[in-house]
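**Student:** need a structure here:
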Amino acid sequence: MYLWTPATNICGLLPPLPLREVNFDFPFNLNPEGILTVLTSDLQDSLILDYSETEEGARLEIEAAGPHWSTVEF
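**Tutor:** Numbers count the residues shown, from 1 in each chain. Below is the predicted model of the structure:
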């Protein structure tokens, strides 16, 4: 899996890593743009996490795209 954030355009893409090694319990203010994209190493599938914090609390939108996500149980 690859992780992409807007900073990737400047710093470059991190080397691929297993999805189980991603710590999804990160503070929302870690990435001020509020976008984290997880891409499979073959770039066939992507998972976009769009997160933000408002006065009403934390909000997370998830968008799954690609042919393999339909087989994943959430």
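**Student:** Would you map the helices across this structure?
**Tutor:** With DSSP state H as the definition, the chain shows helices at residue ranges 8-11.
**Student:** Quick one: the strands in it, in order.
**Tutor:** Using DSSP state E, the strands of the chain run over residues 2-4, 35-39, 46-54, 57-65.
**Student:** Can you report how many residues lie near residue 39?
**Tutor:** Residue 39: 19 surrounding residues under other CB atoms under 10 Å. (Each C-beta comes from the backbone N, C-alpha and C, glycine too.)
**Student:** these two touch, right, it and residue 45?
**Tutor:** Yes - under the contact definition of CB atoms under 8 Å, residue 39 touches residue 45, with a separation of 7.3 Å.
**Student:** Find residues that contact each of these two.
**Tutor:** Taking CB atoms under 8 Å, 6 or more residues apart in numbering as the contact criterion, no residue touches both residue 39 and residue 45.
**Student:** can I get the strands of the chain in CSV with mean pLDDT and distance to residue 18?
**Tutor:** Output for the strands of the chain, formatted as CSV (pLDDT from 0 to 100; distance: least, CB to CB, whole Å):
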stretch, mean pLDDT, distance to residue 18
strand 2-4, 80, 11
strand 35-39, 87, 11
strand 46-54, 87, 14
strand 57-65, 88, 18
